[in-house]
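Engineer: what's the 3D shape of this:
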Amino acid sequence: MSTAARTGPRRERARAATIAEIKDTARALMRESGTVDVRFSDIARAMEMTPPALYRYFADRDDLLSALIADAFDDLARAVAQARDSVPADDLPARWVAAARGYRGWARREPQQFALIFGLPLPGYSAPEDGPTTEAAQRAMAQLAALFGEAIRHGILTPPTLRDVDPALELCAVAKGEDLGGVLPPETFQAMLHAWNSVHGFTCLEAYGHYDWMEPAAREAFFLSQVRLAALNAGLPAP
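Structural biologist: Okay, the predicted model is just below:
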């Protein structure tokens with residue numbers, strides 16, 4: 001093998017390692033500061049680099065933020081999938097609870113990443129349309145959508161509590177269905193969104209301290225009742 005052939009992969013590995021270090025440093029700074037805003041100058045200082053050197057790896061701060069947001073969605077997707085798949089495939093009620101717990105647990109472990117993807121928009125940042133952040137968000141949502149597909153395949157999904165679907169949402173179900181792993185019936189697509197909203201709403205309120213007045217045992221019981229209610233309304237077998 002020629003020297004040039006060996007040097008190419010080595011440079012690629014070094015570049016990938018530096019990109020990973022930049023992102024890890026940005027996340028560490030977010031955890032230390034308790035915010036999701038990060039500056040190139042702070043990252044460069046922590047890595048003992050010059051700020052201009054970072055532009056060899058990311059075009060600008062927005063480019064870095066997009067990469068961090070995509071990573072966060074992918075990390076969330078893995079957490080939900082791992083929690084869901086830790087339960088036998090034939091126990092769909094328990095898989096739903098496990099997925100919901102995976103979602104909540106990730107938010108509690110990664111408050112800055114949770115805020116990065118679900119908090120207030122960062123000033124001056126605009127995510128690229130149909131870019132890596134959108135694709136990663138779809139992969140994360142597909143982990144929850146998979147449960148509804150499983151319920152349909154096993155013939156155990158009953159009609160949701162609310163069956164009326166506005167035509168605009170019907171179009172959305174068709175347009176977005178393939179991105180989530182397959183087109184669902186409009187009423188099921190709507191029910192899936194309601195179920196996610198229920199879990200996400202609890203998770204957000206808890207993440208921002210609005211349930212701190214509850215004792216941990218009461219909070220856990222309330223979470224499980226919320227998850228059970230979401231399943232019942234969506235037509236999933238009750239946990």
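Engineer: so who does W196 touch?
Structural biologist: With contacts defined as Cβ atoms under 8 Å, 6 or more residues apart in numbering, the neighbours of W196 are 141, 144. C-beta coordinates here come from the backbone N, C-alpha and C atoms, glycine included.
Engineer: helix or strand for it, which one?
Structural biologist: helix 186-207 (DSSP states H and E).
Engineer: from the chain's centre, how far out does that helix sit?
Structural biologist: Taking Cα atoms, centre = their mean, to the nearest Å, one finds the center of helix 186-207 at 13 Å from the center of the full chain.
Engineer: check stretch 168-181 too.
Structural biologist: 19 Å.
Engineer: quick check: buried residues in the helix holding W196?
Structural biologist: When neighbours are counted by 16 or more other Cβ atoms under 10 Å, the buried residues of helix 186-207 are found to be 186-193, 195-196, 198-200, 202-203, 206-207.
Engineer: give me the contact list for stretch 102-121.
Structural biologist: Where contact means Cβ under 8 Å, 6+ apart, the residues beyond stretch 102-121 that reach it are 27, 30-31, 34-36, 65, 68-69, 72-73, 75-76, 79-84, 137, 144, 199-200, 202-204, 206-207, 223.
Engineer: how about a cut-off of 7 Å?
Structural biologist: Defining contact as Cβ atoms under 7 Å, 6 or more residues apart in numbering, one finds that stretch 102-121 is touched by 27, 30-31, 36, 68-69, 72-73, 75-76, 79-80, 82-84, 199, 203-204, 207, 223.
Engineer: average pLDDT for it?
Structural biologist: The pLDDT scores in stretch 102-121 average 90.
Engineer: which helix in this protein runs the most residues?
Structural biologist: Assignment by DSSP state H gives helix 3-33 as the longest helix of the chain.
Engineer: any idea which helix or strand comes after that helix?
Structural biologist: Next in sequence after helix 3-33, counting helices and strands by DSSP H and E, comes helix 40-47.
Engineer: averaged pLDDT, that following helix. What do you get?
Structural biologist: Mean pLDDT, computed over helix 40-47, is 91.
Engineer: report all helices and strands that it contacts.
Structural biologist: The helices and strands touching helix 40-47, judged by 3 or more Cβ pairs under 7 Å, 6 or more residues apart in numbering; DSSP states H and E, are helix 3-33, helix 51-54.
Engineer: which residues are contacting it?
Structural biologist: With Cβ under 7 Å, 6+ apart as the test, helix 40-47 has contacts from 21-22, 25-26, 29, 50-51, 53-54, 61.
Engineer: just the CA trace of stretch 48-60, in PDB.
Structural biologist: What follows is stretch 48-60 as a C-alpha-only set of coordinates in PDB (Å, rounded to 0.1, in the frame of the first residue of the first chain):
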ATOM      1  CA  GLU A  48      -6.700  24.700  23.300                       C
ATOM      2  CA  MET A  49      -7.400  25.600  19.700                       C
ATOM      3  CA  THR A  50      -7.900  28.900  17.900                       C
ATOM      4  CA  PRO A  51     -11.500  29.800  17.000                       C
ATOM      5  CA  PRO A  52     -10.700  30.000  13.300                       C
ATOM      6  CA  ALA A  53      -9.500  26.400  13.400                       C
ATOM      7  CA  LEU A  54     -13.000  25.200  14.200                       C
ATOM      8  CA  TYR A  55     -14.200  26.400  10.800                       C
ATOM      9  CA  ARG A  56     -12.200  23.600   9.200                       C
ATOM     10  CA  TYR A  57     -14.800  21.200  10.700                       C
ATOM     11  CA  PHE A  58     -18.000  23.300  10.900                       C
ATOM     12  CA  ALA A  59     -19.000  26.100   8.600                       C
ATOM     13  CA  ASP A  60     -20.400  28.200  11.400                       C
END
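Engineer: give me the buried positions along that stretch.
Structural biologist: Of the residues in stretch 48-60, those scored as buried under the neighbour-count criterion (16+ other Cβ under 10 Å) are 49, 54, 57-58.
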